[in-house]
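> Predicted model follows, preceded by the sequence.
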Amino acid sequence: MKRMRVAAVTLACALVLISVAGSFIPRFNYSRQDREHVNCGPSCRHWLGTDDLGRDRFARLLHGSRISILLAPAAAAVSMLLAFGIGAIPGFAGGFAERAAKTAIDLVLSIPWLFLLLMVRATLPLNTSPAASVTITFLVLGLLGWAAPARILLARARCMRQAEFIILARSTGVAPLWLLCKHVMPNLRPVLLAQFWISVPIFILSEANLSILGLGVAEPLPSLGSLLRELETVLSLRADIWRFAPPVMLVLIVSSLQIAVSEREVPQ
Amino acid sequence: MEGGLVSATLVRYAPGFGADERQLDARLSSDSIQAIQNANAEERNIVRFYFASICKTFRGDLGMSRSLNRPIRQLLQERTAVTAVVAGRGLVVAWSAAALVVFTTWFFRTPALGIPITLFSGTLLCLPAGVLALLAIILNQPGYVVIALIVYPKVHRYLSNLVEAARGMPHIVTARTKGTSESRVFFWHVIPVIKGEVLALAGVSIGLGISAAIPVEALCGIPGIGQLAWQSALGRDLPLLNSVSMLVIACVVLANSGADLLGDEQRQPA
Amino acid sequence: MNRRSFSLLICLVLVVFLNTAVCLDELRFYLRSEPKTFNPLAVADDSSETIRYLTGGVLLRLNRDTQKLEPELATSWTVSKDGKQITFILRPAIYFSDGTPFTAQDVKYTMDQLMNPELHSPTADSFRSGNGKVEGTVLAPGKIAIHFPAPVAGLDRLFDQVAIVSSQSPRKEMAALGPYYVFDYKPGSYVYLRKNPNYWKRDASGRQLPYINAIKLEIQPNRDIELMRFSRGEIHLINAMDADYFDRLSTSSPAMVHDVGASLDSEQMWFNQVSTAPIPAYKLQWFTSRNFRRAISAAINRDDLCKVVYNGHARPAVGPVSPANKFWFNFHLQPVRFDPQAALQLLRQDGFQLTAGKLHDRDGHAVEFSIVTNAGNRARERMATMIQQDLRAIGIAVNVVSLDFPSLIQRITQDFNYEAVLLGLVNVELDPNEQLNVWLSSSETHQWNPRQKTPATPWEAEIDRLMRAQASAMDDNTRKKSFDRVQEIVADQVPFIYLVNKNALTGISPSVENAKPVVLRPQTYWNIENLKLAVERASNGK
């Protein structure tokens, strides 16, 4: 088991390092268009071939991964913080706080946030740099993506409120804040981590979908999400294996980190 | 109701409200274009519009869709059943698959099984809904399969974490040490403990299913509520979007409230 | 197996066969959106237009192949010398699909309904040449004259868009004079058309047209699904195909796809020249400079756009008219040559300087602007990215912003909160009068600077004069002289930077006979009454 975890962590770190370090190598230019060699297969010059504008796929994968891998977990962390604050704490407190939290969560889950995102786009200047645009996008995703995990955390915290060890601790005079930090949070950690790892690829994909609103990365900057969206045409689903490098990269990173964390969480 | 008002306000003040692609038609005269721009004048005061639509709703009149030129009530009647069936089937398949996988891994806890399962879930999470929908169409699979593929990894991840957390509980460890069979431990000791959270997850998954239905119906051309929501959002059709939002909000609230009620019943002292 | 089971089996087979036989004589293709109306007078979207074309009977029909006007419900027509009146002699003994007779009264009724100001129909607005009422006068049972308050250029051709509705039928606009009528409609799913039992046209052997009994129009906005179903033979036609899909199919099934040549459509970009636009004043100064616009135009490699984005199925655009429009295209105009050095030369004339790879204006502002286009149109997004690279070579930084269509429309028609736009122009008509509102400076659709109280520049004033002159002239050659001059001014002043004219790419199943794709819409089924399905030929024993 320990060997498995080490292998998973090593793989994940290696992939992250390759994408972050590789994107700084000048050879890998993500925006240069080689218009004579469009949609070409792999070659010495273009290791994963070129896209529909003649840009090097491998370079775009490195740069895109760097952006998504750095920003998506940050957005997921913001979401988890909010989910804990709005879901777990009221769920543990009970009463009016719990009811208010439930109402807020249901409201946020069902409102079409598409229009809020449109308003965000409208307030941004058209000449916002691609880097600023993608950072703001992930921040907004983080601020909006807490509702579903908050619901689960609220239910779990509510169950824990009735747990014997909590009742025992309360009856012996343990302060609520201490209870929360020392007893509730460790028991909520598996759920938080599960949601965190689910949120990372969801945010990466959501950032790409937001390009339809003018948010997300702007050309020529790539992101993993925008590279994944390129697969959404029947022409892309050909037997050209190199086209599937972006989803393979993302699956390897997310899965290896999930394995590493879940191996650690299993009680021995 | 607050949800409906918030939704309507967002639509009203989002960019593109009142914009109509006919404004770019060079054949139209200035008068016609002005008339098109003024067509939704009654929706500009959002508070008045919203409360007027609430009053009409109580009389059974949901108004007319501007983008589709048809009564909204008729549109919802035609399409609600379609989405209910598609999303319902998708959720049943997703939950069944997730439960089966979790049950199997309870019994066969090896990396040879765990790693492929994690990779499979991870792959589904990492593929855009558009790609899943395309694959389903290429393979001649119905739309609910796509919804199942979207919902499954999330449900599976939560379920497996809940079950793994329960595995370490003192009474579970005691039962297994005393030689109780794995199936008995699972059904008689693990499930009762996690039932409340599973019900909460079920409530949330209904919201997930409805959210997944929107891109799936739009991509696969299924004439359901999801497709309607997408068309009305793109067309800034405030009356239609208001009605669809209220319907979705009602479904989500009912699902979550139902889950809470069932969870509360389970927690009642014997 | 006993006798009873065998009989049941035979019945089952027969039922299946009959159903299949009915389904086999059914033309199938997709509508890309829900039709907004079945009223042929209120049509303003593509899907409704498709249904109007298939079900509507018109007095005159523009032959999409020869581009010449032909008699249809009217056997002959005359236009008065002053262009204010058109008189039709109607074909006798014609009936609507429900059996109601077609009379001159129906034509009068149609025009009255069409010109109702509440309707806001694009077709009606094409007829509105001046203030005053449009009057129809029934001169005899089969003869009607329609009077207009002012001359209407290309008057007779406009009746190709006017589907006659019945004044007496209880089914109103659903009673059809065209080859088909709407039999069934399942919202969100399909529209089913059936052959008009009272259709008046017959072929040379006297057989009633159309040959195909039914048309099923499924509603499917997804082009990937359309392509897949077409390649599987589940649908018969694709009216407009993307270049990538075209090339994909042409390698696997070359007989199914057709490149008919340059279409009437163009892709172009323009700069915001609205004086009250919420953009920095120095940028407005750039955009209103002729040299700046000409420089940008010269710095864009149109050949690369055609090659990369359209796989060679496009040609560099020259002006507002495509070379497919044989009469109105100005053949003296030449495409803009890709010449970054010439672009820099033009910019230097306006005081721009290239320093360390960045272009600055005379006040030191770095030249940077955004191009907005509609999200989801992959071809436009690619063109914008290519233009971004082309302009980077002359030191200009371009931000490409894809917006959803309503947000884009709001910016370019109401807020004017944009700097440059990349969009396309869809030309339905050949006549340049269709574009009148684009060129008149007072118009809402004078895209770069609409609703001018007086023309902002002398060249816009000149264009106003020329367009009004051609709109009131009756002789096509006189009109062409005026419009040629408009095209020359546009090529000189570059309010629109025309990029490409796309080719008309269509898909037609080999089982469809007599199909002859053309550039004018509808490209594949313009001669719907003459189309046959191969299975229908087999069932007739030919």
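Okay, I see it. Numbering: from 1, shown residues only, chains lettered A, B, ... in the order given.

> what's the most centrally placed residue in chain C sitting at in phi/psi?
Central residue of chain C (CA atoms, centre = their mean): C:Val428, 3.4 Å from the mean position. Note on C:Val428: backbone dihedrals following degrees, to the nearest 10 are phi -90, psi -40.

> Now it: closest residue in space, sequence neighbours ignored.
C:Arg521 (6.2 Å; CB to CB, 6 or more residues apart in numbering or on different chains). Using the backbone N, CA and C atoms, a C-beta is placed for each residue, glycine as well.

> tell me, how many neighbours does that neighbour end up with?
Other residues lying near C:Arg521 total 23 when counted by other CB atoms under 10 Å in any protein chain shown.

> Tell me which residues touch A:Pro60, please.
No Pro there; residue A:60 is Arg. The neighbours of A:Arg60, taking CB atoms under 8 Å, 6 or more residues apart in numbering or on different chains as the test, are A:30, A:51, A:222, A:227.

> same thing but 6 Å
Neighbour list for A:Arg60: A:30, A:222 [criterion: CB atoms under 6 Å, 6 or more residues apart in numbering or on different chains].

> Could you do the one 5 residues further on as well?
Listed by CB under 6 Å, 6+ apart, the contact partners of A:Ser65 are A:19, A:224, A:249.

> mean confidence score for the lengthiest strand in chain C?
With secondary structure taken from DSSP state E, chain C has its longest strand at strand C:496-508. Averaged across strand C:496-508, pLDDT comes to 96.

> Surely B:Ser7 is in contact with A:Leu114?
No - counting by CB atoms under 6 Å, B:Ser7 stays clear of A:Leu114, with 10.1 Å between them.

> State the distance from B:His171 to chain A.
Going from B:His171 to chain A by CB to the nearest CB, to the nearest Å gives 11 Å.

> since we're on that residue, how many residues are nearby?
12.

> Show the pLDDT at it.
At B:His171, pLDDT is 79.

> which phi and psi does A:Pro42 have?
According to degrees, to the nearest 10, A:Pro42 has phi -60, psi 150.

> what pLDDT does the nearest residue to it once chain neighbours are set aside get?
Closest residue to A:Pro42 apart from its sequence neighbours, by CB to CB, 6+ apart: A:Gly49 at 5.0 Å. Looking at A:Gly49, its pLDDT stands at 91.

> on that earlier part again, which of the contacts of A:Ser65 sits closest to B:Ala52?
A:Leu224 (45.8 Å; CB to CB).

> Give me every residue in the stretch 51-200 of chain B lying close to chain A.
Within the stretch 51-200 of chain B, the positions lying close to chain A (CB under 6 Å from any CB of the partner chain) are B:111, B:118-119, B:122-123, B:125-128, B:130-131, B:154, B:157-158, B:161, B:165, B:168, B:196-197, B:200.

> Which positions in chain B make contact with chain C?
Contact residues (CB under 6 Å from any CB) of chain B with chain C: B:15-16, B:19, B:22-23, B:25-30, B:32-33, B:35, B:68-69, B:78, B:137, B:219, B:221, B:223, B:236.
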